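*Asks:* Okay, predicted coordinates and the sequence, questions at the end:
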Protein chains: 4
Amino acid sequence: MRTDNSRKFDHWIRNDFKQLNTELELAYQEAGCRDTIVGVGEKTKQTLLDEGNLHIRALLHEGNTDEGFDNGFDLLGNVGFFMAACRRHDLTEPSRERRSPLTDASALAMQLGASLGVIPRFASAHLETHNRALNGNYKSFTNLPDEHLFLEYNTRGVFAFIRASEALLHSLPLGISHPVTHDLLLAAQADLKQVIANNRALFDTLDVDRFFYAVRPYYKPHRVGLHEYRGANAGDFAGINVIDLLLGLCRADDPYYSQLLVDKFLFMRPDDQLILRDCMRRRSLLDAFLMALDDPEATRAAWFQRNAKAFLDVCALHGETAIQHHELLIARFIEHPAHRDGLDQQSDLTASGPRLDVMLRGLKKLCDLRSAANVDGLSTRFADLQRLREAVDHA
Amino acid sequence: MRTDNSRKFDHWIRNDFKQLNTELELAYQEAGCRDTIVGVGEKTKQTLLDEGNLHIRALLHEGNTDEGFDNGFDLLGNVGFFMAACRRHDLTEPSRERRSPLTDASALAMQLGASLGVIPRFASAHLETHNRALNGNYKSFTNLPDEHLFLEYNTRGVFAFIRASEALLHSLPLGISHPVTHDLLLAAQADLKQVIANNRALFDTLDVDRFFYAVRPYYKPHRVGLHEYRGANAGDFAGINVIDLLLGLCRADDPYYSQLLVDKFLFMRPDDQLILRDCMRRRSLLDAFLMALDDPEATRAAWFQRNAKAFLDVCALHGETAIQHHELLIARFIEHPAHRDGLDQQSDLTASGPRLDVMLRGLKKLCDLRSAANVDGLSTRFADLQRLREAVDHA
Amino acid sequence: MRTDNSRKFDHWIRNDFKQLNTELELAYQEAGCRDTIVGVGEKTKQTLLDEGNLHIRALLHEGNTDEGFDNGFDLLGNVGFFMAACRRHDLTEPSRERRSPLTDASALAMQLGASLGVIPRFASAHLETHNRALNGNYKSFTNLPDEHLFLEYNTRGVFAFIRASEALLHSLPLGISHPVTHDLLLAAQADLKQVIANNRALFDTLDVDRFFYAVRPYYKPHRVGLHEYRGANAGDFAGINVIDLLLGLCRADDPYYSQLLVDKFLFMRPDDQLILRDCMRRRSLLDAFLMALDDPEATRAAWFQRNAKAFLDVCALHGETAIQHHELLIARFIEHPAHRDGLDQQSDLTASGPRLDVMLRGLKKLCDLRSAANVDGLSTRFADLQRLREAVDHA
Amino acid sequence: MRTDNSRKFDHWIRNDFKQLNTELELAYQEAGCRDTIVGVGEKTKQTLLDEGNLHIRALLHEGNTDEGFDNGFDLLGNVGFFMAACRRHDLTEPSRERRSPLTDASALAMQLGASLGVIPRFASAHLETHNRALNGNYKSFTNLPDEHLFLEYNTRGVFAFIRASEALLHSLPLGISHPVTHDLLLAAQADLKQVIANNRALFDTLDVDRFFYAVRPYYKPHRVGLHEYRGANAGDFAGINVIDLLLGLCRADDPYYSQLLVDKFLFMRPDDQLILRDCMRRRSLLDAFLMALDDPEATRAAWFQRNAKAFLDVCALHGETAIQHHELLIARFIEHPAHRDGLDQQSDLTASGPRLDVMLRGLKKLCDLRSAANVDGLSTRFADLQRLREAVDHA
Ligand code: HEM
Ligand code: HEM
């Protein structure tokens, strides 16, 4: 059960707030704004700021109301939507501030984040897996079709990854040689194929400029209280990393990957954090298959041939999703427009904060790990998969 | 990490124990035993008892070794396999005892059960979802193909139900009107179709008498310490009840169903218990759709027609699995042979303990709830589904 | 936040219900009833039954309202108060029924119990550690001073045990040789001394007959749904067993003690269950000290002399509380009056159900374990403590 | 169970590592070093670096070994001891690096931190509440008596705060008017008096310069991977904040205090985080007492006078510990020597990183909140406590 103030704020976020952002986007478009939006829609911006602050002040003053995790998390999302919109409309900007000027919103967000065990800003769960629709309408910044397209495809992709991760998790207690592990690997394949189809569809339908100039800016880093937090991205759920780790393509003792995990944890919901934590202590399927290679007899067993083959196909599909994300989605919707419009040097271009080229280098590494590419200076599982493939092919 | 004693016992369960049970089953078959097995294979029975007790004594004496939940749960399964085999071979029999004569096994099982938060006997997780295979061989009582067939199909069925339950759980935060809820309902449909195909295949391939006389008896109720515990059955996992409750076909405030849940909880693993508990506090999808009926406008919305249709199809498929379980599997593999061989009055026929007709009446009720049958004296969701169906058909 | 129905029921339990029970107790007393109460206050009994059922029916029909664990647990307590009073006034009686005639109360209690992870009846937490007072009044069956005396001293004793258990738990990560472990052992001593003083005061002030005939009967076993559940007793909290296990006086692999734990777990709150489970996997302090004896040098170390001495004193105090409980409280308030009035053969005399002599034998065993008595046929830690004592004394 | 490598590393930390640090401290002292230690003991520093790295490399290469939470947390502490010592001996220095040059230690620490749910560095739990002693020796950086004094008194103080917090937590379900709440408030008073005595003793015995120049430097902020983490301090446990919040002296919706909580959470162990989170959703005792003031009748009740009085005394004692911490400990052991030796402008002086005056201003605020001081511009509970005091005094 929620308090009245909390319900009213939710109503505002789902209606007037969306309307104001939509108006501003249309005004920016009309004014031909690309990266700078100074001087456009100033009155609307102020309305958004004032109305939001009013709601938040009321919530802050009613104090601790213990509405349960789900309602608290939802409220944090609403505060986060507001703070992210303020950042998008340049009402706040982390490099020109030492602490967020949205004092009340920060206080409320920090109280909620601390009490929930997550970062004090909206995360992708608020947009995707936990974005409740009322009468067909889920929460979004604007009413614009590009944002809806982006969110729906993201959500579908995320759930498909999650289902693949669940299939792999179910196989752990059975071990790599159980007959039903084969069924679970096939299930994971089917799920990853859905990711691929979904990415393709997004690639084909999303408008590059509308995305780049009217959706992406809501995901910029901004401050809450003293600290700056990177933006949400579609990847802030455990499932994708569960797949990485269980397949064995990425490893938690790799300094690059463990840094990524350290930075990502609090962007996940606590239940998701637990899933990922639990999976960090497991032996990967790849390592289990490699151990089986030690016994040449075992590799000739029917179970080995069947299950190793199915496993290799899962790896290949996961690699394909990564390549697609990197070479289709990021290239088309971020890299090209940034380059075209001379924005690559800008520091606030990406959700995570660093300069575009730095971020791209990082994402390339991730893509190489996931696709087990044969690259110098990066310890991917290329050779290990090769060994396994040979044991399957030459049987 | 496991202790040496624990590893040796596991090795025994996976090898000699299986061998001994297999020999006994073959001896029973040879001797033409059906329900009574007195006097057959007495020496082998004694060997099984002695060897098992020796292992267990060693484990009990090494004391508390804190090997983590997974190893503890696995060990409990092994003790449970032994105790269940003793029951099957009439080395123990609850109605002639006041406490289990397997004192050491009971002490170890009770310590493990209490420390793990589950009943102190093997549960279906030990046979199915958490039955680790080594080199292609999972744990079983015998080497007989009928038992393997039964276990593998059960395991596949269980995972298919679990995946359906996961799809429904993912839809909860989105609500019934979210576009991606449609995708999740389709996923649940696909999973339930797998259950149906799987049940059909089991029906077609399992041998009635071999199942009835050489597999089923390992699932009889028996004592651990003072209390008698019903046997494991394929249904002791949360997923099936999660589906019941989320769809809204069964309700936790129905006295029949809440008694079933009360009796079932400790047969599940603690993580499974939590999933089911959490889901008991949710509003069902059916109730959510019925609330939408209050607003005639809403029912004409595209989301309603699309999602309600997909929901109704999920319900129909879930009902179908229940009817199949009752009218095909239970009828063919339990009811008919019991009737044919005049065993219906026997009290230890079923995993749950009561006389066959009592159990069948209970299972019929469950089947009627799940298939929303229109029966007198049982409050199924027949009429509610009817109302929803009309809102979809007449749109 | 609670629903209106839930609030109204709570109000009834705290007022009219208490009044009705009080009237009945006074009527029983007036009529000179001891063990049988048939025919006395029948109209009042019926009022209690009808009013309670009315409240419960309303709650059952409003369905699943997800008010959070605390409110759910509190409501279960209220349903349990009502069911226990019905048993006390002989409106239900397990031996003459196959299932509880309180169908609605059972359904509600089972739904709540299953969803909370506890037995579906009131437990001692409802009376003691989690019995919220409003304006100075906590929940009780009657307004009679004897019940209040009993509850308040119990609650104080329980908290003193809990604090002792917390001190011991804090010492685990430090180990037996840490200087601050000494401080924690002293803290445990102080807490146990409070238990002793408190038991003494209860012994001195509680009226034997008023307790035996007007308080105890509310704690009788009764059915909820199909099953009979033993009554609550002051010991249904983890702390006391945590002390047993951490000191090492009782061991979870002892068949008597593990049966006790198995039977007790669901009478505890889930958080309490977790504490006890976690502690079952720890090495006891006694075992740790005994290991140190292997190195004669170590036993001469100052830390050993200091900490072993403090540990032995904790054990002695814990033993004293057990002896006091057995020889003062149980003897005076249960054994003597039962014997005097010829009720020892009665099956429903005790909270746990068995005949008095059986129960007393069980409790004697527990007392011997806790006080490490030197008794035949029971494996207490007498000899082990003796060895440790010698290492301390002869240093 | 731990791996061999893990055991060897622990042995090194408890022996050679301690020896090397001790030697270095003595060399620094001998050389008359105060704040700079360049050029002194360079060979010993290198030995420490090389030996530590060797151990860590072995651990990193043996990969994920799933030894359970406790062992993992302990190992993280050991890596953290090493990294902190490197910082102390200037082998790393965050302002001259962009990422920690201790690449392997960082990778291991990040993997452990991420998988455990804590910051990837040692925290105060490693030094205090979870610092296991072997044969009387707990872990420390050096063998110097000043460090031991500091650690032991800190540990005692921490446990006394924890016990006070436990007493307050136990009172929550009882409410402010329960007779046993009075007992729990008295228990909290006794615990806080122990804190006070303990602080006093530390003040009297610790050597200012030895602490300032040979203990404190091990608590400096340093990098792990990319990020800089502030040092551990004695306050990184939930208990102290539980007291703040339950008493009501600090509030989670105060921007200063919620920032403090946000920054502190991951420095606590996960079980501690949960305790604090749970307590953030509770109503404070002070707020509960203030609500009772609305009913003038209630304030004349015996329970009110008794319990409110006891509560006010708890508040006074908690305030006293805060004042003592600020005006005795911090002043004597940090502020004065820093000022005397002209180090107040230095950025790495404090565990938390900011310049001394900034940190001191923050701590003053905290002290004012806890002691409910009457200060301008800070919303303490001064007036509220005043109102309550009047209701008690004038009864
Ligand atoms: C227009 C489409 C998309 C674009 C332009 C895009 C771009 C990006 C970028 C730039 C990042 C890095 C964020 C940062 O560090 O700043 C990222 C991360 C990520 N994205 Fe996307 N993305 C798109 C769609 C998707 C979809 C449909 C999915 C599938 C669910 C997805 C999954 C992820 C994941 C999992 C990450 C986190 C990094 C990782 O673990 O891989 N993205 N994306
Ligand atoms: C030879 C095939 C099977 C037979 C004879 C059979 C028989 C039974 C019986 C007699 C029970 C009631 C147990 C008792 O109370 O004593 C039961 C329960 C159950 N069985 Fe089966 N079963 C079979 C296969 C399966 C399969 C393949 C599944 C799918 C996963 C399944 C799922 C369940 C479930 C979920 C329950 C628990 C009651 C419930 O919640 O529905 N069974 N079964």
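*Replies:* Great, that's in hand. Ligands and ions are numbered 1, 2, ... in the order given.

*Asks:* after the lowest-mean-pLDDT helix or strand in chain A comes which helix or strand?
*Replies:* Least confident helix or strand of chain A, by mean pLDDT, DSSP states H and E, is helix A:296-300 with a mean of 87. Counting by DSSP states H and E, the next helix or strand C-terminal to helix A:296-300 is helix A:302-323.

*Asks:* does chain B sit close to that next one?
*Replies:* Yes. For helix A:302-323 and chain B, the contact criterion (CB under 8 Å from any CB of the partner chain) is met by A:302, A:303, A:304. For every residue, glycine as well, the C-beta is placed using N, CA and C.

*Asks:* Put the buried members of those residues into a PyMOL selection.
*Replies:* Command for PyMOL that selects the buried part of the residues of helix A:302-323 next to chain B, burial taken from 16 or more other CB atoms under 10 Å in any protein chain shown:
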select buried, chain A and resi 303+304
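
*Asks:* Could you list the buried residues of the least confident helix or strand of chain A?
*Replies:* By neighbour count on 16+ other CB under 10 Å, the buried set for helix A:296-300 is A:298, A:299.

*Asks:* What is it packed up against?
*Replies:* Applying 3 or more CB pairs under 8 Å, 6 or more residues apart in numbering or on different chains; DSSP states H and E, one finds that helix A:296-300 contacts helix A:285-293, helix A:302-323.

*Asks:* Apply 7 Å and report the result again.
*Replies:* If you count contacts as 3 or more CB pairs under 7 Å, 6 or more residues apart in numbering or on different chains; DSSP states H and E, helix A:296-300 packs onto helix A:285-293.

*Asks:* Mind checking if the helix it packs on is in reach of chain D?
*Replies:* No. Helix A:285-293 is not in contact with chain D by CB under 7 Å from any CB of the partner chain; minimum separation 8.3 Å.

*Asks:* residues of that helix that come out buried?
*Replies:* Buried, per 16+ other CB under 10 Å, within helix A:285-293: A:285, A:286, A:287, A:288, A:289, A:290, A:292, A:293.

*Asks:* List just the nearest of these to chain B.
*Replies:* Using CB to the nearest CB, residue A:292 comes nearest to chain B of the buried residues of helix A:285-293, at 8.3 Å.

*Asks:* got a list of what the closest one touches?
*Replies:* A:176, A:298, A:299, A:304 (CB atoms under 7 Å, 6 or more residues apart in numbering or on different chains).

*Asks:* Swap in 10 Å and give it another go.
*Replies:* If a contact means CB atoms under 10 Å, 6 or more residues apart in numbering or on different chains, then residue A:292 has A:176, A:177, A:298, A:299, A:301, A:303, A:304, A:307, A:308, A:388, A:391, B:135 as its contacts.

*Asks:* What confidence value was assigned to it?
*Replies:* Residue A:292 is assigned a predicted lDDT (pLDDT) of 95.

*Asks:* separation between it and residue B:137?
*Replies:* Residue A:292 sits 14 Å away from residue B:137 when distances are taken as CB to CB, to the nearest Å.

*Asks:* Go ahead and list the helix or strand containing residue A:180.
*Replies:* Assigned by DSSP H and E, residue A:180 falls in helix A:179-205.

*Asks:* how far is stretch A:45-60 from where the chain is centred?
*Replies:* 28 Å (CA atoms, centre = their mean, to the nearest Å).

*Asks:* Could you see whether chain C lies near it?
*Replies:* No. On the criterion CB under 10 Å from any CB of the partner chain, stretch A:45-60 is out of touch with chain C, staying 16.4 Å away.

*Asks:* Just give me the closest of the buried residues of helix A:285-293 to residue A:382.
*Replies:* Residue A:382 lies nearest to residue A:286 out of those, by CB to CB, at 11.6 Å.

*Asks:* now the strands for chain A?
*Replies:* For chain A, the strands defined by DSSP state E cover A:222-224, A:227-229.

*Asks:* The first one near chain D at all?
*Replies:* Yes. Applying CB under 10 Å from any CB, one finds that strand A:222-224 is in contact with chain D at residue A:224.

*Asks:* residues near residue A:205, how many?
*Replies:* Here the number of neighbours of residue A:205 (other CB atoms under 10 Å in any protein chain shown) works out to 12.

*Asks:* quick revisit: of the contacts of residue A:292, closest to residue B:205?
*Replies:* Distances from residue B:205 to these, taken by CB to CB, are shortest for residue A:303, at 19.7 Å.

*Asks:* what about the closest residue to that closest one other than its chain neighbours, distance to chain C?
*Replies:* Spatial nearest neighbour of residue A:303, excluding adjacent residues (CB to CB, 6 or more residues apart in numbering or on different chains): residue B:136 at 4.0 Å. Look at residue B:136 and chain C: by CB to the nearest CB, to the nearest Å, they are 33 Å apart.

*Asks:* Also residue A:181?
*Replies:* Plainly put, residue A:181 is 30 Å away from chain C if you go by CB to the nearest CB.
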